[in-house]
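*Asks:* can't give you the sequence, but here's the structure:
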């Protein structure tokens with residue numbers, strides 16, 4: 001189920017990389033609207049297989065979510081671990097820029113983080129395998145194609161991966177409300193891994209201890225914290241601003 005994408009906008013996004021699409025399933029028996037017809041024309045031009053299924057089958061594939069009459073089956077990708085992450089870092093011609101998410105379980109948050117990571121030029125997103133969401137259909141739909149464009153690594157031991165990143169020269173900066181330094185006052189220009197925690201508890205103790213520095217986002221209102229995808233976006237785009245100077 002994790003290799004399914006549904007909805008016209010989400011399927012159109014993954015179709016930009018047709019090699020990743022195994023099949024597009026369309027509701028049979030109904031004339032497609034203009035947007036869906038355009039999508040099907042693009043799929044045919046890219047020689048992506050089209051299958052026509054009853055609406056009940058599309059409902060089953062999308063687990064009852066709003067699919068707008070179209071579901072894409074993606075070619076399963078092998079999600080590598082830290083060894084291949086290090087190979088990616090070594091292959092870059094610029095200081096690596098990573099987003100590390102510690103235990104984000106809401107697929108909408110992960111999808112939004114991936115979308116912002118793509119926009120900010122992040123080289124890879126790293127998450128633990130346990131107690132965290134992976135690339136589910138909801139994540140892919142919310143990410144609007146970023147789940148296919150941003151390298152995504154699920155690692156067995158996040159703390160060990162963080163140590164290996166540090167040994168490779170990556171400076172790990174964690175976001176924590178009790179930090180002394182504001183995100184705007186810390187140098188984020190070099191080899192960088194931004195580390196953010198889960199929706200409720202934030203960074204776990206061991207993850208926090210493996211960070212080289214902690215930063216906070218200044219909060220001037222009455223709320224105590226931001227949604228993790230919003231916080232990640234703020235941190236990533238501040239890093240992007242600094243790295244472009």
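*Replies:* The structure has been received and is ready for your questions. None of the values given here were measured: they were computed from a predicted structure. Numbering: from 1, shown residues only.

*Asks:* name the SS class of the closest residue to residue 155 other than its chain neighbours, please.
*Replies:* Of all residues not flanking residue 155 in the chain, residue 161 sits nearest, at 4.5 Å (Cβ to Cβ, 6 or more residues apart in numbering). Using the backbone N, CA and C atoms, a C-beta is placed for each residue, glycine as well. Using DSSP: H, G, I helix; E, B strand; the rest coil, the three-state assignment for residue 161 comes out as helix.

*Asks:* from what I can see residue 161 touches residue 129, true?
*Replies:* No - counting by Cβ atoms under 8 Å, residue 161 does not reach residue 129; the two are 10.9 Å apart.

*Asks:* where do the contact lists of the two overlap?
*Replies:* residue 155 (Cβ atoms under 8 Å, 6 or more residues apart in numbering).

*Asks:* among those two, which residue is more densely surrounded?
*Replies:* Neighbours were counted for residue 161 and for residue 129 using other Cβ atoms under 10 Å; residue 161 has more, 22 against 14.

*Asks:* just to revisit the earlier point, what's the spacing between the residue nearest to residue 155 and residue 85?
*Replies:* 7 Å (Cβ to Cβ, to the nearest Å).

*Asks:* overlap in contacts, the two.
*Replies:* What both residue 161 and residue 85 touch, as defined by Cβ under 8 Å, 6+ apart, is the set 126, 155.

*Asks:* from residue 110, how far off is residue 134?
*Replies:* 8 Å.

*Asks:* typo on my end, it should be residue 97
*Replies:* 18 Å.

*Asks:* so the two - more neighbours on which side?
*Replies:* residue 110 (29 against 24).

*Asks:* the helix or strand hosting that one - contacts with which helices or strands?
*Replies:* Secondary structure assignment for residue 110, by DSSP states H and E: helix 107-120. Using 3 or more Cβ pairs under 8 Å, 6 or more residues apart in numbering; DSSP states H and E, the elements in contact with helix 107-120 are strand 97-102, strand 124-128, helix 137-143, helix 146-149, helix 228-244.

*Asks:* and residue 68, which of these is closest to it?
*Replies:* Residue 68 lies closest to helix 137-143 among these, at 10.6 Å (Cβ to Cβ).

*Asks:* how distant is the closest one from the center of its chain?
*Replies:* 9 Å (Cα atoms, centre = their mean, to the nearest Å).
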